[in-house]
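Student: I would like the atomic coordinates for the input below:
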Amino acid sequence: MLPDQPAFSVSELNHQAKMLLESHFDFVRVEGEIGDFTAASSGHWYFTLKDTSAQVRCAMFKGANAKLKFRPGKGDSVRIRARVSLYENRGEFQLIVQHIEPAGEGALQLAFEKLKTRLQAEGLFERDRKQTVPDSARSVGVITSASGAALHDILSVLERRSPMTEVYLFPVPVQGVEAPAAIVTAIQQANRIAKKTISLDVLIVGRGGGSLEDLWAFNEEVVARAIAASALPIVSAVGHEVDFSIADFVADQRAATPSAAAELVSLDQEEWFQRLDRMHLQLDQALKRRISQQRERLDHLRARLRHPGKQLAMQLDTIRTQEKNLKRLVQGRLDKNHLLLEGLTRQLKSHHPKAALGRARDTLLEGKRDLAEKINRRLMSERTDLQQALRLLESLGPENTLARGYAIVNTGDGAILREAGDVQMGDTLHVRLHRGSVEGTVTQVNESIDSTG
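Tutor: Below is the predicted model:
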């Protein structure tokens, strides 16, 4: 017969057992294989954890499993951290799971590989869908923490290499639960602004180094898809050189560090100076070639000036036209390149040595004046030679010969009479004098020269 003592109700017994278990055990870590797995509509997970000889029921409530970066499934080997408890309604021993990770591999790394594989299969990493990143951007959008070392590194590099580049900061948290949504919003905001107000050339998205967990915001799927959807080219600069993120694979280009990203999108001002020197040399060579071509053309035209009167006047008009065209062409080239030089000077003036620019400008202006003077002197010399040739041709022309007392005799059919034997008695002759003309009839023909008249 049972001793005379109070009897527990089933509910009281289960409650006492639960209290005893929960007070005796702190959090425990258990490793095993997931058996049956159920994800309830409430968001809670229920599964069994087993090894070769035993199993235990487990429950992971919505608030805890929402923090996981992956979703376990039947057959997965996992390690859990849980409280030991008892489900009073059924008197079932169970573990209330607070955290779960793959056994032998971190949950973050597994989630990283799964997402990477899925996005790669969708083609988001393909080279042919990536945009070209400019190497000398005039305006750069930076999406990072306003207080982080990454922003300082980017600004330092741009200040040193390309001080004329404009930087627009879109401050975001770069780790924590709020970071992914903030980064996505910043990318979308930058694209909207670029369409309406600010002309952005490229975006740098990133942060400094850290652990995989610190960098996780840049491994989120929403961030990856926002980068892929961006109309602006994006450079991913997450962590250090050895760190890789999903953002690196999706972005149009990856930079090993934020500093490297700044160098990637900027052209060193020394290279600008070299470009300016090359343009100056090319301009000088082009002008020399053009002047040489025009000189050869003038020589060719001068060689063709062999016709008297009207033809010479036409050639003179041609030379004058060429003179105007040459002046207009040279002046146009000078004006165009002067405007280009002024534009580059304005971009570089904040860090360009003023004295050197002043000397360069004076040299350019002096060269311009010397060139114009040389052209004018050459044209005046050519004009003087032409006028002398005109005067010589005029002195040898028929009008001066007639003025010295000679006459031109034409027969009745208009032919010039050179020999007496070319006419007969009674022919009509037309005699052109220096002033006026006379007509007569042949009354005598002497084919021999008679000096007595």
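Student: quick one: buried residues of stretch 263-278?
Tutor: Buried residues in stretch 263-278, counting neighbours by 16 or more other Cβ atoms under 10 Å, are found at 263, 264, 265, 266, 267, 269, 272, 276. C-beta coordinates here come from the backbone N, C-alpha and C atoms, glycine included.
Student: revised request: answer the last question for stretch 69-84.
Tutor: Buried-residue list, stretch 69-84, by 16+ other Cβ under 10 Å: 69, 70, 72, 76, 78, 79, 80, 82, 84.
Student: same check on stretch 167-175?
Tutor: Buried positions in stretch 167-175, judged by neighbour count with 16+ other Cβ under 10 Å: 167, 169, 170, 172, 173, 174, 175.
Student: tell me the one of the buried residues of stretch 69-84 nearest residue 216?
Tutor: The closest of the buried residues of stretch 69-84 to residue 216 turns out to be residue 69 (Cβ to Cβ; 7.3 Å).
Student: ranges for the strands of the stretch 301-450 of the chain?
Tutor: Assigned by DSSP state E, counting those that start in this stretch, the strands in the stretch 301-450 of the chain fall at 408-410, 428-432, 437-441.
Student: can I get those strands in JSON lines with distance to residue 162?
Tutor: Putting those into JSON lines (distance: least, Cβ to Cβ, whole Å) gives the following:
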{"stretch": "strand 408-410", "distance to residue 162": "82"}
{"stretch": "strand 428-432", "distance to residue 162": "83"}
{"stretch": "strand 437-441", "distance to residue 162": "86"}
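Student: ok, for residue 368, nearest residue in space, not its chain neighbours?
Tutor: Using Cβ to Cβ, 6 or more residues apart in numbering and skipping the chain neighbours, the partner closest in space to residue 368 is residue 334 (5.6 Å).
Student: one step back: tabulate the buried residues of stretch 69-84 (JSON lines), appending pLDDT.
Tutor: Putting these into JSON lines (pLDDT from 0 to 100) gives the following:
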{"residue": "69", "pLDDT": "71"}
{"residue": "70", "pLDDT": "72"}
{"residue": "72", "pLDDT": "84"}
{"residue": "76", "pLDDT": "81"}
{"residue": "78", "pLDDT": "85"}
{"residue": "79", "pLDDT": "86"}
{"residue": "80", "pLDDT": "89"}
{"residue": "82", "pLDDT": "91"}
{"residue": "84", "pLDDT": "87"}
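Student: can you list those residues in CSV and add distance to residue 282 and secondary structure?
Tutor: Converted to CSV, those look like this (distance: Cβ to Cβ, whole Å; DSSP: H, G, I helix; E, B strand; the rest coil):
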residue, distance to residue 282, secondary structure
69, 57, coil
70, 60, coil
72, 67, coil
76, 67, coil
78, 69, strand
79, 69, strand
80, 72, strand
82, 75, strand
84, 82, strand
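Student: max pairwise distance over these: which two?
Tutor: By the measure Cβ to Cβ, 69 and 84 form the most distant pair in the buried residues of stretch 69-84, at 25.6 Å.
Student: in strands only, show me the buried residues of stretch 167-175.
Tutor: 167, 169, 170 (DSSP state E).
Student: what's opposite residue 86 in the beta bridge?
Tutor: On the basis of DSSP bridges, residue 86 is bridged to residue 93.
Student: pLDDT below threshold where in the stretch 201-350 of the chain?
Tutor: Residues of the stretch 201-350 of the chain that meet the criterion pLDDT under 70 lie in 272, 305-310, 349-350.
Student: that older thread, let me know the closest of the buried residues of stretch 167-175 to residue 323.
Tutor: Closest to residue 323 out of these is residue 167 (51.5 Å), distances taken as Cβ to Cβ.
Student: report the spatially closest residue to residue 231, excluding sequence-adjacent ones.
Tutor: Once flanking residues are discounted, residue 231 sits nearest to residue 191: 5.3 Å by Cβ to Cβ, 6+ apart.
Student: remind me which residues of the stretch 1-150 of the chain are low pLDDT?
Tutor: In the stretch 1-150 of the chain (pLDDT under 70), the answer is 1-5, 8, 14, 22-23, 104-107.
Student: okay then, goodbye and thanks.
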